[in-house]
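Colleague: My questions concern the predicted model and sequence given below.
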Amino acid sequence: MDKIARIDMGAAGGPKVTMEEVGEYVGLGGRALTSLLIAKEVHPLCHALGAENKLVFAPGMLSGTAGAMTGRLSVGCKSPLTGTIKESNAGGQAAQVLARLGYAAIILEGKPASDDLYKIHVNKDGIQISVDNSLKLLDNYPLVDKLRKEYGDKVAYITIGTAGERKLLAASIACTDPELRPTRHCGRGGVGAVMGAKGVKAIILDDAGMKMRPPKEPEKYRDANRKFVEGLRKHPVTGEGLPAYGTNVLTNVLNEAGGYPTYNFKTGQFATSAKLSGEAQAELEIKRGGTATHGCHRGCVIQCSGIYNDKDGHYLTKQPEYETVWSHGGHCGIDDLDTVARLDFMDDNIGVDTIEMGVTIGVAMDAGIIEFGDKEGAIRLMEEVGKGTPLGRVLGCGAAVTGKVYGVERVPVVKDQALPAYDPRAIQGIGVTYATTTMGADHTAGYAIATNILKVGGDVDPLKTEGQVELSRNLQIATAAIDSTGMCLFIAFAIMDQPETFQALLDMLGAFYGITMTGDDVVALGKKVLSAERDFNARAGFTKQHDRLPRFFYTEPIAPHNQTFMMKDEELDEVFNW
């Protein structure tokens, strides 16, 4: 990955490509590259949908290699949803292909004056950009089907659906999986709206004629990768739970812990959650001829995805993940997996974040637009989003906008981004992460569930305040580094519990780049990324007062534990004191 491509979508005479060396970003990838570049080059007070914003696509430091779990693609920009800096990442094939083509990043700049839609074709010969207005108002599945007829099946596709075209604030960017289904999404923060604002409908990545990225020390790299895979396979989470039941293995766990927010965060348990559980989902998938074990990209050894078929045995969607099952399920008082799967397909097809949309529908239910538990009503609301009706545009701009339009008091957002599937009153550590992460409420930014609930990497009582700041701080640092490698975040379970697996990861990085990599280097990288992100946010006008949860978490106790979020403001302000 020795080059960066800049595409000025607003250049006179049409989009213009310029190539440059990696320069100061040498050796970086993923979130490190996107965040450092956005922090340096984007005016923090720019309009996120304007010409001054930039959209950066960056594979990870190890993407495009023979290493396991290295297929995450980072997308960075100023978020139109939160107003903060944003990095959103996804699996699928795009990162591996882009890295093998030699690109450390592709940067979309400027904004076209016309309403033409563009597609970008990247292969070993360079980058071609062309107008293709036949793609207008196509959602992701029909869009990819159309593109496959032109570009074939041996490529990777990055696309937006109609939500991105309409610049809705919950719009995602889809990456195709190994079967070329647009199921892997850079979901959070409205990154799809930025791609739509740039006039780009699709990016086609073709690495024909290219080879795997070679490590500086091949034998050491192969040996480290082997040890790394062994560690993942012997850990009970990455080697057993996730492959068997997917991420939705957490439904029963979180419901039992009383941290499963239901009916728009009114209670911490859902009486019929077992109907939505990973165990029930896996059984149904296998019964219908689908699968409960599937990799979202080649080189995945955890295989926590799956294929969900309808009652007639036909493909409906990829296996809905835990947060999706929660947001469209228990959060909305719906306990039907087929409804959740249908909504998941609609999210992917229209191109919106499943977490944001599920929480938004719950807020709409709280507003009385439809009743809690109304399965058909939830589907109708998603259809409104797909049609781009006035109601659909409100909903498609997320929970904060919907709550304001309909006068709802209980709106579970931080920095206008919806809280995911873990209640911070029952799991204090994740509340610290939600409040303080640089990107709005985001469980993946510092996954305290690992230690608070699953007891991975130690044991910090989820109902007490002690130890939560240090836990969230350390996890946020580690996550920023992992997001930069191109590795799936789920490797954290094994590296937190197994020193030898963490060492294998360090050895992979070291052998690939021909350096010695230590744990201190990982910490330094994570801190560097977070510091750049916080600096951007400060210049954008964000202060410590924005690092807070909505007031109802402090004033409304949640059953069954009947407690509130108890972290003091001054404790939250200590998270980034390193």
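Modeller: Good, I have the coordinates. Keep in mind that what you see is a predicted model, and the values were worked out from it rather than measured. Residues are numbered from 1 along each chain as shown.

Colleague: Would you map the strands across the stretch 1-150 of the chain?
Modeller: Per DSSP state E, counting those that start in this stretch, the stretch 1-150 of the chain carries strands over the ranges 3-8, 16-21, 55-59, 73-78, 85-90, 103-109, 118-123, 126-131.

Colleague: Looking at the ones you listed, which is nearest to D573?
Modeller: D573 lies closest to strand 85-90 among those, at 19.4 Å (C-beta to C-beta). Heads up, the C-betas are built off the backbone N, CA and C, glycines and all.

Colleague: dump the residue contacts of the closest residue to M61 other than its chain neighbours.
Modeller: Among residues not flanking M61 along the chain, G29 sits closest, at 3.8 Å (C-beta to C-beta, 6 or more residues apart in numbering). By C-beta atoms under 8 Å, 6 or more residues apart in numbering, the contact set of G29 is 1, 58-63, 74, 99, 104, 484-486.

Colleague: for Y315, same thing?
Modeller: 290, 307-309.

Colleague: Tell me the spacing between it and Q96.
Modeller: Y315 is 23 Å from Q96, where distance means C-beta to C-beta, to the nearest Å.

Colleague: circling back: export the strands of the stretch 1-150 of the chain to TSV and append columns for distance to A163, mean pLDDT and mean neighbour count.
Modeller: Formatted as TSV, these follow (distance: least, C-beta to C-beta, whole Å; pLDDT from 0 to 100; neighbours: other C-beta atoms under 10 Å):
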stretch	distance to A163	mean pLDDT	mean neighbour count
strand 3-8	22	98	19
strand 16-21	27	97	12
strand 55-59	16	98	29
strand 73-78	15	98	30
strand 85-90	14	97	28
strand 103-109	18	98	24
strand 118-123	18	98	22
strand 126-131	21	98	14
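
Colleague: what's the next secondary structure element after the longest helix seen in the chain?
Modeller: Across the chain, the longest stretch assigned as helix under DSSP state H is helix 519-539. Going down the chain from helix 519-539, the next helix or strand is helix 552-555, by DSSP states H and E.

Colleague: who touches the helix or strand containing L506?
Modeller: Here L506 is covered by helix 499-513, with elements defined by DSSP H and E. The contact list for helix 499-513, computed with C-beta under 8 Å, 6+ apart, reads 27, 61-62, 65, 67, 213, 215-218, 220-221, 223-225, 227-228, 230-232, 235, 485, 487, 491, 494-496, 515-519, 521-522.

Colleague: That one: how far from the chain's middle?
Modeller: 25 Å (C-alpha atoms, centre = their mean, to the nearest Å).

Colleague: What residues sit buried inside it?
Modeller: Neighbour-count burial for helix 499-513, counted by 16 or more other C-beta atoms under 10 Å, picks out 501-513.

Colleague: and Q417, how far is that from P550?
Modeller: From Q417 to P550 the distance is 12 Å (C-beta to C-beta).

Colleague: Report pLDDT for H185.
Modeller: According to the prediction, H185 has pLDDT 97.

Colleague: distance between the ends of stretch 553-567?
Modeller: By C-alpha to C-alpha, to the nearest Å, the extent of stretch 553-567 from end to end equals 11 Å.

Colleague: Actually, stretch 388-408.
Modeller: Per C-alpha to C-alpha, the first residue of stretch 388-408 is 22 Å away from its last.

Colleague: which residues touch it?
Modeller: For stretch 388-408, contacts defined as C-beta under 8 Å, 6+ apart pick out 81, 162-163, 166, 168-171, 190, 350, 352, 356-357, 359-364, 366-367, 369, 381, 383-386, 411-413, 416-418.

Colleague: Weed out the non-buried ones from the residues you listed.
Modeller: Using 16+ other C-beta under 10 Å, the buried members of the contacts of stretch 388-408 are 81, 162-163, 166, 168-171, 190, 350, 352, 356-357, 359-364, 366, 369, 381, 384-386, 411-413, 416-418.

Colleague: quick one: contacts for C300?
Modeller: Applying C-beta under 8 Å, 6+ apart, the residues contacting C300 are 68-69, 71, 91, 488.

Colleague: That one - that's part of a strand, no?
Modeller: No. Using DSSP: H, G, I helix; E, B strand; the rest coil, the secondary structure at C300 is coil, not a strand.

Colleague: Please report how far it lies from A426.
Modeller: Distance, C300 to A426, by C-beta to C-beta: 31 Å.

Colleague: Mark which of the contacts of stretch 388-408 are part of strands, please.
Modeller: Of those, the ones assigned to strands by DSSP state E are 413, 417-418.

Colleague: nearest to R6, of those residues?
Modeller: With C-beta to C-beta as the yardstick, the closest approach to R6 among the ones in strands among the contacts of stretch 388-408 comes from Q417, at 28.3 Å.

Colleague: so who does that closest one touch?
Modeller: Contacts here follow C-beta under 8 Å, 6+ apart; on that basis Q417 touches 79, 81-82, 188-189, 356, 398, 400, 439-442.

Colleague: Quickly note the distance from it to E321.
Modeller: Using C-beta to C-beta, Q417 is found at 17 Å from E321.

Colleague: got it, and L33?
Modeller: 26 Å.

Colleague: Show me which of the two is the more surrounded one.
Modeller: Set side by side, L33 and E321 show more neighbours around L33, with 28 against 21, by other C-beta atoms under 10 Å.

Colleague: Specify the beta-bridge partners of the closest residue to the more buried one other than its chain neighbours.
Modeller: Closest residue in space to L33, ignoring its immediate chain neighbours: A58 at 4.3 Å, by C-beta to C-beta, 6+ apart. Under DSSP bridges, the beta-bridge partners of A58 are S74.

Colleague: right, and A58 touches S74 too?
Modeller: Yes. Here A58 reaches S74: they are 4.9 Å apart, a contact under C-beta atoms under 8 Å.

Colleague: What about the residue lying closest to R534 once chain neighbours are set aside, how many residues nearby?
Modeller: Nearest residue to R534 in three dimensions, chain neighbours excluded: T438, at 5.8 Å (C-beta to C-beta, 6+ apart). Per other C-beta under 10 Å, the neighbour tally for T438 reads 27.

Colleague: Could you tell me whether T438 really is in a strand?
Modeller: No. Per three-state DSSP, T438 lies outside any strand segment and is coil.

Colleague: about what we covered before: if any of the contacts of Y315 are buried, give me the PyMOL selection for them.
Modeller: In PyMOL, this line selects whichever of the contacts of Y315 come out buried by 16+ other C-beta under 10 Å:
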select buried, resi 290+307+308+309
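
Colleague: Can I get the contacts of Y315 in JSON lines including distance to E109?
Modeller: JSON lines is the format used below for the contacts of Y315 (distance: C-beta to C-beta, whole Å):
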{"residue": "G290", "distance to E109": "42"}
{"residue": "I307", "distance to E109": "38"}
{"residue": "Y308", "distance to E109": "38"}
{"residue": "N309", "distance to E109": "42"}
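
Colleague: Which helix or strand contains L250?
Modeller: Using DSSP H and E, L250 maps to helix 250-257.

Colleague: Just the residues contacting that helix, thanks.
Modeller: The contact list for helix 250-257, computed with C-beta under 8 Å, 6+ apart, reads 260, 269-270, 273-274, 276-279, 322, 325-326, 330, 421-422, 426-427, 449, 453-454, 462.

Colleague: That one: which residues count as buried?
Modeller: Under 16+ other C-beta under 10 Å, the buried positions of helix 250-257 are 250-255, 257.

Colleague: how far is it from where the chain is centred?
Modeller: For helix 250-257, the distance to the chain centre is 22 Å (C-alpha atoms, centre = their mean).

Colleague: And stretch 393-410, by the same measure?
Modeller: With C-alpha atoms, centre = their mean, you get 22 Å for stretch 393-410.

Colleague: related to what we said a few turns ago, now do the shared contacts for A58 and S74.
Modeller: Listed contacts common to A58 and S74 are 29-31, 33-34; contacts here mean C-beta under 8 Å, 6+ apart.
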